[in-house]
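1. Following is a predicted model, sequence given first.
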Amino acid sequence: MNELEARRLLLSDPRHVPQELREAIAERPELAGLRDELLRLDERVRDELTRAPLPDALADRMVLGARYRSVPKVRLALAAAAAALAIALPMTFLPAYGDEVAMIDHVRESAWELRDNPGVPRNVVRASLAELGVGFTDSAIRVRHLGHCVVAGREGRHFTIDGREGVISFVVLPATDGILLADSVRKDGTVGVYERRGAVLVGAFASSTMEMAELREMLKSVLT
């Protein structure tokens, strides 16, 4: 099993690991680090979703009420909103969680990808990105890392290169029907710039010490 295949399996389910994948993890410490990180993230999500349980039998009462008596639609909508609020209150209040925020959070939380530096042949990078309909530059850029990633429930690609201000990440993700909420985001020492290209959303991410204009030019030149 090659490294890309092993990472793809871990991203799909880090808890259930077949024997072949266990052997790959034993041979590559970076895969063990990835699995540990995914398990920690899974625990964080589970804790948030179970911290504030819904009131007892609320869901049953809503269903039975809708089935056996006439309930104004407004009251049902208010009840549904109250149930959603019971889950959402423990969460930190944030702006709308668009793909842009999901992508920059993925980069910030994937420290192992920023450290990983085995080098990836450009023809491999080009073939992988072509699966999503994105081209890769013909210039002699050395790619440090390439991997499949799952962001906002969709599988994309994440690769890194060396830049003047440190490691630069690129994320390519199948786009949704929604509009691009922002063409740039700055969050906790990381900046990201974005472009919608047909059916895909592409982004470049670097340390906040890098000028966004320079990062945007790099996005345009690296992903063609």
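-> Perfect, I can see it now.
2. When you work out contacts or count neighbours from here on, use the C-alpha atoms and nothing else.
-> OK.
3. Helices of the protein, residue ranges please.
-> Secondary structure of the chain (DSSP state H): helices located at 3-12, 19-27, 29-50, 58-68, 73-88, 99-109, 111-115, 122-130, 212-222.
4. so what does the third one touch, helix or strand wise?
-> Using 3 or more C-alpha pairs under 8 Å, 6 or more residues apart in numbering; DSSP states H and E, the elements in contact with helix 29-50 are helix 3-12, helix 19-27, helix 111-115.
5. Compare the mean pLDDT across the ones you listed and name the weakest.
-> Mean pLDDT values for these show the minimum at helix 3-12, a mean of 79.
6. buried set for that one?
-> By 16 or more other C-alpha atoms under 10 Å, the buried positions in helix 3-12 come out as Glu3, Ala6, Arg7, Arg8, Leu9, Leu10, Leu11.
7. Count the residues that sit near Val107.
-> Other residues near Val107 come to 23 when the count uses other C-alpha atoms under 10 Å.
8. Can we start the residue count at 32 from this point?
-> Let's use 32 as the start, then, which means that last one is Val138.
9. Return the set of residues that bridge with the spatially most central residue of the chain.
-> Centre of the chain computed as the mean C-alpha position; nearest residue by C-alpha atoms, centre = their mean is Val182, 2.5 Å away. Counting by DSSP bridges, Val182 forms beta bridges with Arg185.
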